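J.: sequence and predicted model, in that order:
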Amino acid sequence: MTLRKKILLLTLISLGLMVSPLAFAADPPPVGGDPTEAPGGTPIGGGAPVGSGLVLVIGMGLAY
C-alpha cells in the first residue's frame, strides 16, 4: 500500500469517526420555565444550591 493510499484511508476513517456521533444527536430537553418571564417564571438553574456548595468546595480546598 502506498503512502498516499494510507494517508487517504486514515483521513477517511478519522472523518467517519468524528462525524458518526453527530448523526445520533438529539434535541435538548425542554426548559422548565422561561428565564425572561418576570413573575412566576422559573429561571434556568433556579433550584441549584449554589451557596452551600461553594462553602463546601472552599472548605475542602482549605482542608487539602
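T.: Yes, it's here. Numbering: from 1, shown residues only.
J.: which other helices and strands does the longest helix along the chain contact?
T.: In the chain, assigned by DSSP state H, the helix with the most residues is helix 3-19. The criterion is 3 or more Cβ pairs under 8 Å, 6 or more residues apart in numbering; DSSP states H and E, and there are no helices or strands that helix 3-19 contacts. Glycine gets a C-beta too; all of them are placed from N, C-alpha and C.
J.: convert the C-alpha atoms of that helix to CSV, please.
T.: In CSV, the C-alpha atoms belonging to helix 3-19 read as follows (Å, rounded to 0.1, in the frame of the first residue of the first chain):
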residue,chain,number,x,y,z
LEU,A,3,1.9,6.2,1.4
ARG,A,4,-0.8,8.2,-0.4
LYS,A,5,-3.4,5.4,0.0
LYS,A,6,-2.5,5.1,3.7
ILE,A,7,-3.0,8.8,4.3
LEU,A,8,-6.3,8.8,2.4
LEU,A,9,-7.5,5.8,4.3
LEU,A,10,-6.5,7.3,7.6
THR,A,11,-8.2,10.6,6.7
LEU,A,12,-11.5,8.8,5.7
ILE,A,13,-11.5,6.7,8.9
SER,A,14,-10.8,9.8,11.1
LEU,A,15,-13.6,11.8,9.4
GLY,A,16,-16.0,8.9,9.8
LEU,A,17,-15.3,8.5,13.5
MET,A,18,-15.7,12.3,14.0
VAL,A,19,-19.0,12.6,12.1
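J.: hmm, who's touching it?
T.: residue 1 (Cβ atoms under 8 Å, 6 or more residues apart in numbering).
J.: any idea of the mean pLDDT for that helix?
T.: On average, the pLDDT along helix 3-19 is 87.
J.: now whichever helix or strand comes after that helix: mean pLDDT?
T.: As assigned by DSSP states H and E, the chain's next helix or strand after helix 3-19 is helix 50-63. Helix 50-63 shows a mean pLDDT of 80.
J.: and helix 50-63, what's buried?
T.: When burial is assessed from 16 or more other Cβ atoms under 10 Å, helix 50-63 yields no buried residues.
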